[in-house]
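J.: below is the sequence, then the predicted model.
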Amino acid sequence: MIAAEIEKIIGREINLVHPKDLRNGDYTLIVDEKTAEEDFQKLEKNKPAYISKIEFIKPRFINIYLSKEFFGESLREIIEKRDSFGKGEHVKGFKIMVEYTDPNPFKEFHIGHLMSNAIGETIARIFEWNGAVVKRANWEGDVGIHVAKALWGAKKSGISTNPTTTSDFGKAYAIGAKAYEEDSNAKIEITELNKKIYEKSDPEINLLYELGRRISLDSFETMYEKLGTKFNYYFFESKEGVMGKPIVEAHIEDGVFEKSDGAIVFKGEKYGLHTRVFINSQGLPTYEAKELGLNKEKFEVEPDLGLSVIVTGNEIKEYFKVLLKVMSLIFPNIAEKTKHLPHGMLRLSSGKMSSRTGDVITAEALIEEVKSRTKGDEQVAIAAIKYMILRQAIGNDIVFDFEKSVSTEGDSGVYLQYAHARANSILEKAKNTGKTYGIIGLSYVSRNTHEIERLLYRFPEIIERAGKEYAPNYITTYLTELASSFNNFYAQEQIIGNEYRMMITQAFKIVMKNGLTILGIPAPERM
C-alpha cells in the first residue's frame with residue numbers, strides 16, 4: 001500500500017527498501033541523482049498523513065519516517081485480523097502443486113528427506129498465505145534398481161524371513177548396493193531381479209516386495225504426521241513412472257530421442273547439456289523417463305494447474321536441466337509451468353551421509369538426538385531442526401550444529417518458541433490479575449514509538465517477498481529479529497498495567513504464531 005501510494009506521488013516505479021538501521025527511518029527511497037531533489041519536493045508537498053518526517057540524504061536517498069498514528073493503527077489491524085494477519089492476495093486463486101520429500105520405499109527416511117520436507121512444506125504454506133490454492137505431492141520410488149538391491153540383500157542375508165521395519169530393508173539395501181558395485185555375478189543377479197520386479201513375474205519376490213513396500217509407506221506416514229505434513233497426491237514410479245516409457249518411444253521418430261547400443265537416449269550436447277539414458281538396454285524406463293510420466297500426470301489430475309514446483313537436492317540439478325529441456329520439446333506448456341527448486345545438503349560434523357555404505361543418518365535418529373537435548377520434547381526438537389534448515393538460503397549446504405539448534409539465546413527455533421511463550425505468559429498473568437487488554441482507544445501524543453512496533457507491521461511484506469523469491473529464510477530472519485526486539489521491550493518496559501504495551505505484546509504473539517505456523521513450527525503457549 002505504502003509503495004503504491006509513493007509511486008503515485010513520484011509518478012513512476014520506485015525502489016523502496018527498509019534501512020538496516022532504524023535510526024535512518026522506516027523506509028528508504030533510492031532515487032536517481034538527477035531527479036532526487038525533485039522527488040523529495042514532490043513527497044514533501046504531498047506527504048501522506050501516515051508519514052511523520054521525510055529527510056533527503058544527498059545524493060540519492062530519501063528517508064521516510066512513519067507516524068505514531070500509523071503504528072497504532074497497525075497494532076489495531078494485527079489484533080483484529082489475528083490468525084489471518086499476513087495473508088495476502090498476491091497469487092489469489094492461482095493453483096500450485098508443490099512436490100517434495102520424495103522418499104524411496106525399501107530405503108530409510110534420512111535427513112535429506114527431512115530437509116526436502118521442511119523446505120517443501122514451508123514453500124507450500126507461503127503460497128497459501130499469499131492466496132494460492134496449493135496441492136501437495138509426494139513422488140515415491142517404489143520400483144527401480146534400488147528396490148532390486150534391497151530385495152537381493154534381504155534374501156542373501158536372511159532378512160527376508162522376517163522383515164518388520166524400514167531399518168531391516170535399509171540394511172538389506174546396503175548389502176545389495178555393496179555387492180552390486182563389487183561383485184559382477186551379484187550385479188547380474190540384481191539386474192535380472194529388477195526386471196522381475198517390473199514384470200511381477202516371480203510370486204515369491206512379489207510377496208516380499210509388497211511386504212517391504214507396505215512397511216516403508218506406513219513408516220513414512222508416521223514421519224509425515226510428526227512433521228505436520230498431509231499430502232494431496234502420492235505418485236509412484238510403479239504407476240506414473242511406467243507411463244514415461246511410451247512417451248519416450250513416441251518421440252524417437254521426431255528426433256527428440258535416439259537409439260544407442262540398445263538403449264534410448266537424449267543427446268543433450270546439442271543444447272549445451274549432456275547425454276542421458278531414458279530407456280536402458282533392458283527396455284526399462286530410467287528415472288528420466290519416469291519423470292516424464294509423472295509431470296504429464298500432474299497436469300492431467302489438476303488440469304488448471306498454473307505452476308508445478310519440484311523440491312529436490314542440489315545433486316540432481318544438472319539432470320533436471322536435461323529433463324526440463326526434454327519437456328520443453330515434447331510438453332512445452334508443462335515445461336513452462338514447471339520450476340525446479342534445488343536445495344543444499346544437510347550434513348553433520350561427521351560428513352555426508354551414505355545409504356550405500358549403510359552409514360545413513362536417519363531423520364528419526366536426528367530427531368531423537370535433538371530431542372535428548374530438549375528435555376524429551378519432540379515438538380521442540382522438530383522445531384529446532386526445521387529452523388536450522390530454513391534459516392539460510394535454500395541452495396546452501398547446512399552443517400547441523402546441535403548446540404546452536406537448541407539455544408535459548410537467539411538464532412534458533414527454540415528461541416522463537418520461548419519468545420512466543422513469554423508473550424503468552426504476560427497476557428495470561430494480566431488476565432489473572434484483572435488487567436484488561438485488547439483494542440483500546442489509542443493515545444498517540446504522549447508516547448514514544450517502540451522499536452518492535454516498527455517491525456510488526458512488516459510481516460505481510462515479508463510473506464509476499466518470501467513467496468516471490470522462494471525464500472523461507474526471509475521469514476526466519478524477520479522472526480528472529482522480531483523476537484530479539486520483543487525481549488528487549490520486555491526487559492526495559494513495565495508491560496502489565498499499561499494498555500498500549502499490552503496491545504504491543506498481544507500483536508507480537510499473533511505475528512510470531514503466524515510466522516511459526518508458516519514455517520511448520522509449533523507455537524507453544526508454555527515452555
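T.: Sure thing, it's come through.
J.: any stretches of the chain with poor pLDDT?
T.: 349-359, 435-446 (pLDDT under 70).
J.: just give me how far the longest helix anywhere in it sits from the chain centre.
T.: Among the segments of the chain that qualify as a helix by DSSP state H, the longest is helix 203-227. When distances are taken as Cα atoms, centre = their mean, to the nearest Å, helix 203-227 is centred 25 Å away from the chain's centroid.
J.: for that helix, name the packing helices and strands.
T.: helix 111-129, helix 145-157, helix 166-182, helix 184-199, helix 363-371, helix 378-390 (3 or more Cβ pairs under 8 Å, 6 or more residues apart in numbering; DSSP states H and E). In short, each C-beta sits where N, CA and C put it, glycine included.
J.: who touches it?
T.: With Cβ atoms under 8 Å, 6 or more residues apart in numbering as the test, helix 203-227 has contacts from 101, 103, 105-107, 109, 114, 117-118, 121, 140, 142, 147, 150-151, 154-155, 160, 163-166, 168-169, 193, 196-197, 200, 230-231, 363-364, 367, 378, 382, 520.
J.: now do the contacts for the closest residue to residue 92 other than its chain neighbours.
T.: Excluding the flanking residues, the one nearest residue 92 by Cβ to Cβ, 6 or more residues apart in numbering is residue 131, at 3.5 Å. Contact analysis of residue 131 by Cβ under 8 Å, 6+ apart lists 87-94.
J.: let's see that with 7 Å instead.
T.: 88-93 (Cβ atoms under 7 Å, 6 or more residues apart in numbering).
J.: mind checking the SS state of it?
T.: Classification of residue 131 using DSSP: H, G, I helix; E, B strand; the rest coil returns coil.
J.: again with the one 3 residues further on
T.: Classification of residue 134 by three-state DSSP places it in strand.
J.: do the one 5 residues further on as well
T.: In the three-state summary, residue 139 is assigned as strand, counting by three-state DSSP.
J.: now it: how far from residue 97?
T.: Counting by Cβ to Cβ, to the nearest Å, the gap from residue 139 to residue 97 is 11 Å.
J.: ditto for residue 361
T.: The gap separating residue 361 from residue 97 is 29 Å, by Cβ to Cβ.
J.: and what about residue 56, helix, strand or coil?
T.: Classification of residue 56 using three-state DSSP returns strand.
J.: now the residue lying closest to it once chain neighbours are set aside: which helix or strand?
T.: The shortest distance from residue 56 to any non-neighbouring residue, by Cβ to Cβ, 6+ apart, is to residue 40 (4.3 Å). Here residue 40 sits within helix 36-45, counting by DSSP states H and E.
J.: what's the spacing between stretch 380-397 and its chain's center?
T.: 9 Å.
J.: could you export that stretch as CSV, CA atoms only?
T.: Output in CSV follows, covering the C-alpha atoms of stretch 380-397 (Å, rounded to 0.1, in the frame of the first residue of the first chain):
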residue,chain,number,x,y,z
VAL,A,380,10.6,-28.6,20.3
ALA,A,381,13.2,-30.9,18.7
ILE,A,382,11.4,-30.8,15.4
ALA,A,383,11.1,-27.0,15.7
ALA,A,384,14.9,-26.8,16.3
ILE,A,385,15.7,-28.9,13.3
LYS,A,386,13.3,-27.1,10.9
TYR,A,387,14.7,-23.7,11.9
MET,A,388,18.2,-24.8,11.2
ILE,A,389,17.1,-25.9,7.8
LEU,A,390,15.1,-22.8,7.0
ARG,A,391,17.4,-20.1,8.4
GLN,A,392,19.5,-19.7,5.3
ALA,A,393,19.1,-19.6,1.5
ILE,A,394,17.7,-22.8,0.1
GLY,A,395,20.6,-23.6,-2.2
ASN,A,396,23.2,-23.6,0.6
ASP,A,397,24.6,-26.7,2.4
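J.: which residues sit against it?
T.: Contacts of stretch 380-397 with the rest of the structure, by Cβ under 7 Å, 6+ apart, involve 114-115, 118-119, 122, 226-227, 314, 341-347, 366-367, 370-371, 374, 398, 400, 405-406, 412-414, 417, 470-473, 476, 519-522.
J.: okay, and which of these map to strands?
T.: Those of those mapping onto strands are 341-343, 346-347, 398, per DSSP state E.
J.: domain assignment for the protein?
T.: Here the domain parsing of the chain from automatic domain parsing is 2-66, 100-238+302-347, 376-527.
J.: can I get the ones you listed in CSV with distance to residue 293?
T.: Output for those, formatted as CSV (distance: least, Cβ to Cβ, whole Å):
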stretch, distance to residue 293
domain 2-66, 43
domain 100-238+302-347, 9
domain 376-527, 26
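J.: show residues contacting stretch 24-37.
T.: Contact partners of stretch 24-37, identified using Cβ under 7 Å, 6+ apart, comprise 2, 6, 14-19, 39, 59-66, 454.
J.: are any of these buried, and which?
T.: 2, 6, 14, 16, 39, 60-66, 454 (16 or more other Cβ atoms under 10 Å).
J.: just send those residues back as TSV, with secondary structure and distance to residue 23 too.
T.: Listed next are the buried ones among the contacts of stretch 24-37 as TSV, based on DSSP: H, G, I helix; E, B strand; the rest coil; distance: Cβ to Cβ, whole Å:
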residue	secondary structure	distance to residue 23
2	helix	19
6	helix	21
14	coil	22
16	strand	18
39	helix	22
60	coil	19
61	strand	13
62	strand	15
63	strand	9
64	strand	13
65	strand	10
66	strand	14
454	helix	11
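J.: closest one to residue 496 out of those, please.
T.: Checking the buried ones among the contacts of stretch 24-37 against residue 496 by Cβ to Cβ gives residue 454 as the nearest, at 22.7 Å.
J.: isn't that closest one up against residue 22?
T.: Yes - counting by Cβ atoms under 7 Å, residue 454 touches residue 22, with 5.6 Å between them.
J.: the residue most central in space within the chain: what's it in contact with?
T.: Nearest residue to the geometric centre of the chain (Cα atoms, centre = their mean): residue 119, 2.0 Å. When contacts are counted by Cβ under 7 Å, 6+ apart, residue 119 touches 100, 311, 343, 389, 394, 472.
J.: what do you get for residue 371?
T.: Contacts for residue 371 (Cβ under 7 Å, 6+ apart) come out as 377-378, 381.
J.: now the helices for the stretch 251-400 of the chain?
T.: Counting by DSSP state H, counting those that start in this stretch, the stretch 251-400 of the chain has helices at residues 287-301, 317-330, 332-336, 363-371, 378-390.
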